[in-house]
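Peer 1: need a structure here:
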Amino acid sequence: MEVQFNVVLVLIFCFHSVASDGNIDIAEPSTQFVTQDIFQTVINGIKEAFDRRMNSTVAELQQAIAEIENLKLLNLACSEEMSCLKVKFGNSSESNVSEQLPESLERKGKLDIIFVLDGSGSVQWNFNDIITWTQRMAGKFDVESGLIQIGVVQFSGKTGHNPLEFITTEIALGSITSNSRLQRAIGEITRRGTLTYTAAALLKTLSDFQNAPRWTDRDTKKVIVLLTDGRYSTDSYHLDEAAKRVRSQGIIPFAVGVGSFNKRELQVIATGDNSSDERIFTMESFDGLDGIVTKLSDLIFRSN
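Peer 2: Next up, the predicted model:
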């Protein structure tokens, strides 16, 4: 279409030049030709270009509508566990949709997550595994979208010291808005202590939420993901009260236990119900952490 317009403009320029050379014999018929033929050519060209553009726009709209319908079919085909059936789209052949595919669908809504990591002595040989897992989990969330904010708190302690000395905000909630910088910052976290002050860690994390910009925004979902391998928390006598306070503020806790975890404590953190395993993930070794990344990230998005 652009070439056609250029040709028309060149023709007009050429005839206009001939018609303007002062020769009366040439000027009159050329003017008549421009008036009748070239003018009509321009009109026809514009009309044809407009018709083509309209046809193209209609085709684009039809394609967009078809894509939206495909997404609807995909959502219907996915079960609660996010495993998908085989789906036909348009004229394409039947294909096996990956379990990973729903993660690529747009997830709307504001979400604040703080990962609370056990940095006590019992994880000293596996702390790198915890960091790698946290990086993988963080990689499931796009902080560059402006909708999701991530923070990291590490908890531990030492005998004879104030527990708060070893409960550290490693990454302030929402302080990093680049996915690559977030990965680097998580990778730079080092283990700090020996004891396990879980209750104090929950209260410190609550404070971090309350000091974050979106604390008063009711449209922002707030989630804690706490990972520990401790059999008993050093401050277990405060754990129930601390967990209740966190949940009462509308924060949704997930508890991940590895190795010699105390399941009752995980239940206290997640729901306070010792008969429920809701929002709890357990595994015998750190090798199992990778296996829960996809499911846990999906549950975080769907939790309420």
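
Peer 1: what about stretch 210-224, average pLDDT?
Peer 2: Across stretch 210-224, the average pLDDT comes to 97.

Peer 1: just stretch 160-171 next, same as before
Peer 2: When pLDDT is averaged over stretch 160-171, the result is 86.

Peer 1: And for stretch 282-297?
Peer 2: 93.

Peer 1: Ends of it, what's the gap?
Peer 2: Length of stretch 282-297, first residue to last, Cα to Cα, to the nearest Å: 15 Å.

Peer 1: surely Thr134 meets Gly119?
Peer 2: No. Using Cβ atoms under 8 Å, Thr134 makes no contact with Gly119, being 11.6 Å away. Every C-beta, even on glycine, is put in place using the N, C-alpha and C of the backbone.

Peer 1: The two: which has the busier surroundings?
Peer 2: Ranked by neighbour count (other Cβ atoms under 10 Å), Thr134 and Gly119 place Gly119 first, with 27 against 23.

Peer 1: first to last residue in stretch 183-197, what's the distance?
Peer 2: Stretch 183-197: ends 26 Å apart by Cα to Cα.

Peer 1: just the helices in the stretch 51-200 of the chain please.
Peer 2: Along the stretch 51-200 of the chain, counting by DSSP state H, counting those that start in this stretch, helices occupy 127-138, 179-187, 198-210.

Peer 1: what comes up buried for stretch 137-145?
Peer 2: For stretch 137-145, burial by neighbour count (16 or more other Cβ atoms under 10 Å) applies to 137-138, 140-141, 143.

Peer 1: again with stretch 115-130
Peer 2: Of the residues in stretch 115-130, those buried under the neighbour-count criterion (16+ other Cβ under 10 Å) are 115-120, 122-123, 126-127, 129-130.

Peer 1: Same list (those residues) but as TSV, adding distance to Arg218.
Peer 2: Formatted as TSV, the buried residues of stretch 115-130 follow (distance: Cβ to Cβ, whole Å):
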residue	distance to Arg218
Phe115	23
Val116	23
Leu117	28
Asp118	31
Gly119	32
Ser120	35
Ser122	38
Val123	36
Asn126	38
Phe127	36
Asp129	36
Ile130	32
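
Peer 1: The residues you listed in strands, which ones?
Peer 2: 115-118 (DSSP state E).

Peer 1: Need the contact partners of the one helix or strand Leu226 maps to.
Peer 2: For Leu226, the host element (DSSP states H and E) is strand 220-228. For strand 220-228, contacts defined as Cβ atoms under 8 Å, 6 or more residues apart in numbering pick out 109-118, 130, 133-134, 137, 196, 198, 201-202, 205, 209, 214, 246, 249-258, 261, 265, 269, 296, 300, 303-304.

Peer 1: Show the buried residues in these.
Peer 2: 111-118, 130, 133-134, 137, 196, 198, 201-202, 205, 209, 214, 246, 251-258, 261, 265, 269, 296, 300.

Peer 1: nearest to Tyr237, of the buried residues of stretch 115-130?
Peer 2: Distances from Tyr237 to the buried residues of stretch 115-130, taken as Cβ to Cβ, are shortest for Ser120 (17.4 Å).

Peer 1: The closest one is in contact with Ile167, isn't it?
Peer 2: No. In this structure Ser120 lies outside contact range of Ile167 using Cβ under 8 Å: 11.2 Å.
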